[in-house]
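Q: make a model of this:
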Amino acid sequence: MASFGSIRAAIFDKEEKKQQYQAHILGLNAYDRHKKFLKDYASFYEDERQKQEKLPIKTDQDTLREGYRFIRSEEDDMDTSWEQRLVKRYYDKLFKEYCIADMSHYKTGKIGLRWRTEKEVTSGKGQFVCGNKHCNEQEGLASYEVNFAYFEAGENKQALVKLVACDSCAKKLLYRKLKEKEREERIREKEEEKIREKEEHRKKREREETDEDTAKANDRAKGKVRSSTSTCDDKDDYEDNFDAYMQGMFL
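A: Numbering: from 1, shown residues only. Predicted coordinates:
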């Protein structure tokens with residue numbers, strides 16, 4: 001506990017500083033005093049403003065982003081906090097018959113879907129106008145039931161929703177499936193081409209083997225003919241020589 005002497009010294013110091021400050025202020029003109037007061041005010045409240053700016057400020061939009069659900073469940077409706085009540089009021093204002101699609105990244109298979117607003121329902125967007133966010137085509141529209149798979153609140157979810165699209169946007173909607181089908185067709189064509197090449201190679205090899213066997217058979221046949229011809233010639237020579245020898249013996 002502070003002593004009486006230390007408390008009195010602190011009071012005297014404070015009073016002395018106050019008198020010095022007042023004397024300094026009284027020695028300034030009106031403009032200099034104005035600048036002095038502004039400087040002191042800024043230096044005194046600057047730390048407080050910085051602290052306030054660092055504090056997280058949660059707006060209604062942040063609340064909607066955190067609590068919004070594409071399809072609300074009974075558990076969501078049972079939550080009676082003001083945040084969930086705000087989200088539910090916003091959710092009830094949406095028209096959940098047809099969807100609006102964002103196909104900006106359709107080539108990667110990422111298509112965003114959301115429910116229509118009152119303004120879009122009034123203008124016919126998503127029902128009588130193409131449901132693609134960036135398309136206003138009104139001809140050649142068709143309704144599609146899309147299996148929308150999405151990640152929300154830390155869970156993987158799925159929902160069947162309706163989407164109206166023109167022919168061009170329908171191709172974007174089915175882009176990945178069409179590409180996969182084309183890829184499968186190319187793979188099947190390559191496999192069929194390999195099978196045809198193997199079959200042709202097999203037939204060619206069989207023809208070559210057949211020709212080789214035929215050539216060998218012909219060579220063997222020619223060899224037998226030459227062998228039999230030479231044998232006959234040797235026999236004739238032997239008979240001629242024998243006759244000549246016998247004639248020599250009896251002469």
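Q: any idea whether the closest residue in space to Ser143 that isn't next to it in sequence is helix, strand or coil?
A: What sits nearest to Ser143 in space, not counting adjacent residues and going by CB to CB, 6 or more residues apart in numbering, is Val164, at 5.3 Å. Bear in mind the C-beta positions are built from the backbone N, C-alpha and C, glycine included. Three-state call for Val164 (DSSP: H, G, I helix; E, B strand; the rest coil): strand.
Q: got it, and the one 4 residues further on?
A: Look at Ser168: counting by three-state DSSP, its state is helix.
Q: just to revisit the earlier point, got a list of what the residue nearest to Ser143 touches?
A: 98, 126-131, 141-144 (CB atoms under 8 Å, 6 or more residues apart in numbering).
Q: how many other residues sit next to Ser104?
A: When neighbours are defined as other CB atoms under 10 Å, Ser104 has 14 of them.
Q: is it in a helix, a strand, or coil?
A: strand.
Q: so who does the closest residue in space to it that isn't next to it in sequence touch?
A: Residue nearest to Ser104 in three dimensions, not counting chain neighbours: His134, with 7.4 Å by CB to CB, 6+ apart. Residues near His134 by CB under 8 Å, 6+ apart: 102-104.
Q: ok so His134 is a helix residue?
A: No. Membership of His134 in a helix is not supported by three-state DSSP, which gives coil.
Q: ramachandran angles for it?
A: Note on His134: its backbone torsions stand at phi -110, psi 20 [degrees, to the nearest 10].
Q: tell me the spacing between it and Leu64.
A: According to CB to CB, to the nearest Å, His134 and Leu64 sit 24 Å apart.
Q: ditto for Glu193
A: In this view, Glu193 and Leu64 are 56 Å apart by CB to CB.
Q: between these two, which is the more surrounded one?
A: Legend: neighbour count by other CB under 10 Å for Glu193 and Leu64, higher for Leu64 (15 against 10).
Q: contact partners for that one?
A: 86-87, 90.
Q: and if you look at Gly67?
A: Here Gly67 is in contact with 83-84, 86-87 (criterion: CB under 8 Å, 6+ apart).
Q: with that, I have no additional questions.
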